[in-house]
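Undergrad: coords please:
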Amino acid sequence: MTIPAGTRLVGEAWSVLAGKGPAFQDQQHPRPVIRVGEKGGHIPGPTEITDVVFTTVGPAAGAIVVEWNVRQPNGMQAGAGMWDSHIRQVVVIQLGVINQTQQHSINRLGGSMCYSVDYASQSHCL
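TA: Coordinates of the predicted model:
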């Protein structure tokens, strides 16, 4: 989904915009769920997003939750930004037996099952 540059998007009680499905499962070829502005454009425009939660649903190792392609217009402070909005990547960890295909993928990625690190410096590893 693309939110055009110049948009003023205001959520109501933290409206949720979510992505899910096979398009967002390939971590080797990540894709944006939400694109703000056109890729490579960096068009200046008063783009403001307030009170919105951006997230994924289910496994989404290849999701770029929000791709920001807008810059602030010259001479306009706080003309492009997000306020009181949150980006949440759902992490699904399945504990149990690792089959040969999974082990091959782990070895190919350097022998670790670490796919993300949160801002509290806690790794999510198996």
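
Undergrad: tell me what the helix or strand hosting Ile34 is packed against?
TA: Secondary-structure element containing Ile34, defined by DSSP states H and E: strand 31-36. Helices and strands touching strand 31-36, by 3 or more C-beta pairs under 8 Å, 6 or more residues apart in numbering; DSSP states H and E, are strand 2-3, strand 8-19, strand 47-56, strand 63-68. Where you see a C-beta, it was placed from the backbone N, CA and C, and this is true even at glycine.

Undergrad: flag every buried residue along it.
TA: With burial defined by 16 or more other C-beta atoms under 10 Å, the residues of strand 31-36 counted as buried are 32-36.

Undergrad: how about stretch 11-19?
TA: So stretch 11-19, judged by 16+ other C-beta under 10 Å, has buried residues 17-19.

Undergrad: just put these in TSV and tack on pLDDT and distance to Gly58.
TA: Shown next, in TSV, are the buried residues of stretch 11-19 (pLDDT from 0 to 100; distance: C-beta to C-beta, whole Å):
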residue	pLDDT	distance to Gly58
Leu17	93	15
Ala18	93	10
Gly19	92	10
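
Undergrad: nearest to Gly81, of those?
TA: Taking C-beta to C-beta as the measure, Leu17 is the one of the buried residues of stretch 11-19 closest to Gly81, at 16.7 Å.

Undergrad: beta partners for that closest one?
TA: Legend: beta-bridge partners of Leu17 under DSSP bridges are Phe54.

Undergrad: domain assignment for the protein?
TA: Domain ranges of the chain: 2-92, 94-126, per automatic domain parsing.
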